[in-house]
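Novice: sequence unknown, structure follows:
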């Protein structure tokens, strides 16, 4: 059974850091592009970052560039999102998703993903 499970969310103060994990089962992550997305209360889901299979090239939305880093550990079949300098506007449920093909060179669109996790909540508040 294909499954993606996010973990690592929680409550953090502004300026703090969290590392989210996206663990896959039932398929090999390295054969897919993996995206991180988020949905804040009352807002539409938006893309955050994407990492390609193979060369591991990455894409970030402007709002997280320089603060977030996406990476993958193929041996663990897991993708990570390191989030630094967190801001209250980063508060959201964070999802990972997988699909064949390549990340867009123009942002991280929310469409075209085949498999989705159930999300992990990140709350940035003092």
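Specialist: Yes, it's here. A quick note: this is a predicted structure, and the numbers were derived from the prediction, not measured. Numbers count the residues shown, from 1 in each chain.
Novice: Which helix or strand contains the residue most central in space within the chain?
Specialist: In the chain, the residue lying closest to the centroid (CA atoms, centre = their mean) is residue 36, at 2.2 Å. Secondary structure from DSSP states H and E places residue 36 in strand 33-39.
Novice: And the helix or strand just after that strand, how far out from the chain middle?
Specialist: Counting by DSSP H and E, the next helix or strand C-terminal to strand 33-39 is strand 46-51. Taking CA atoms, centre = their mean, to the nearest Å, one finds the center of strand 46-51 at 6 Å from the center of the full chain.
Novice: Neighbouring strands - and their directions - for strand 46-51?
Specialist: Partners of strand 46-51 in the sheet, by DSSP bridges, are strand 33-39 (antiparallel), strand 58-60 (antiparallel).
Novice: Can you lay out the ones you listed as TSV showing mean pLDDT?
Specialist: As requested, the strands paired with strand 46-51 are exported to TSV (pLDDT from 0 to 100):
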stretch	mean pLDDT
strand 33-39	97
strand 58-60	96
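Novice: Please identify the deepest-packed of these.
Specialist: strand 33-39 (a mean of 24; mean count of other CB atoms under 10 Å). Where C-beta positions appear, they are placed from N, C-alpha and C, glycine not excepted.
Novice: hmm, who's touching that one?
Specialist: Residues outside strand 33-39 that contact it (CB atoms under 8 Å, 6 or more residues apart in numbering) are 20, 22, 45-53, 70, 72, 79, 81, 90, 92-103, 108, 110, 113, 119, 122.
Novice: Next, check the residues you listed against the strands and list the overlap.
Specialist: 20, 22, 46-51, 70, 72, 79, 81, 92-99, 122 (DSSP state E).
Novice: Buried ones among those residues?
Specialist: Using 16 or more other CB atoms under 10 Å as the burial test, these include 20, 22, 46-51, 70, 72, 79, 81, 92-99, 122 as buried.
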